[in-house]
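Novice: quick one, what's the 3D model for this:
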Amino acid sequence: MSDISNIDEDELSLFRDTVGFVHPIRQDSAHCPTTKPAPVPAQRVADERQAVRDMAQGLHDTEILETGDGLYFKRDGVQSRLFQKLKRGQLKLESELDLHGMTISIAKEAICDFLAKAQQTNWRCVLIIHGKGYGSPKGVPVLKSRVNNWLQQRNEVLAFCSARQVDGGTGAIYLLLKKSYQ
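Specialist: Here you go, the predicted model:
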């Protein structure tokens, strides 16, 4: 900071004209409020973040599907005639995956592994058996809704629909996969 004795009189007069009349402050202490902020419910925040992550991963049940409800999904660009053949079970099944008795996390991992293998071996039509829910609590299918959500999020899945009675009915789905260009 510069020494005030070195300031020339013209600059000092210019400063006083610019600033104007000033009243000196008589108080030399500051008043700080002592109220504390409200506590943050850390567990609720963590639960809400986990719920958002689960929804992003498709782990929520937007719709509880019943045992008899059929599943149908078709991406844009899939020919109606091909989808009709899939629904009628007229496409050759090249493999199947049975999810009976699996937990949700194990079933999701099994589906991911199964779809990876399907891409490697260039399977086009497969069967996934998710079950009808007869053995689950309250007789409601646990995996059916989850499988429906998971498969719609996968790019390699072109279409799927509930299987014919001989292949598991509403407890299984036919899955049409993209061709892998390796």
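Novice: assumed Lys117 was part of a helix.
Specialist: Yes - judged by DSSP: H, G, I helix; E, B strand; the rest coil, Lys117 forms part of a helix.
Novice: give me the pLDDT for it.
Specialist: Note for Lys117: predicted pLDDT of 93.
Novice: report the residue spans of this protein with pLDDT below the cut-off.
Specialist: Scanning the chain for pLDDT under 70 picks out the ranges 1-5, 51-68, 181-182.
Novice: if you set the cut-off to 50 instead, what comes out?
Specialist: For the chain, the stretches with pLDDT under 50 are 59-62.
Novice: quick one: the strands in it?
Specialist: In the chain, the strands defined using DSSP state E lie at 72-74, 95-98, 125-129, 157-162, 172-177.
Novice: make CSV from those and add distance to Ser105 to it.
Specialist: Where you see a C-beta, it was placed from the backbone N, CA and C, and this is true even at glycine. Below are these laid out as CSV (distance: least, CB to CB, whole Å):
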stretch, distance to Ser105
strand 72-74, 22
strand 95-98, 16
strand 125-129, 16
strand 157-162, 20
strand 172-177, 20
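Novice: Throw the ones you listed into JSON lines and include mean neighbour count and distance to Ser80, thanks.
Specialist: Formatted as JSON lines, those follow (neighbours: other CB atoms under 10 Å; distance: least, CB to CB, whole Å):
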{"stretch": "strand 72-74", "mean neighbour count": "16", "distance to Ser80": "8"}
{"stretch": "strand 95-98", "mean neighbour count": "16", "distance to Ser80": "25"}
{"stretch": "strand 125-129", "mean neighbour count": "21", "distance to Ser80": "17"}
{"stretch": "strand 157-162", "mean neighbour count": "21", "distance to Ser80": "10"}
{"stretch": "strand 172-177", "mean neighbour count": "25", "distance to Ser80": "13"}
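Novice: so which of these is nearest Asn148?
Specialist: For Asn148, the closest of these is strand 72-74, at 7.4 Å, according to CB to CB.
Novice: returning to that earlier point: which one of the strands of the chain lies nearest to Asn6?
Specialist: Comparing the strands of the chain by CB to CB, strand 157-162 comes nearest, at 80.8 Å.
Novice: now do that closest one: which elements does it pack against?
Specialist: Strand 157-162 is packed against strand 72-74, helix 80-88, strand 172-177, with contacts defined by 3 or more CB pairs under 8 Å, 6 or more residues apart in numbering; DSSP states H and E.
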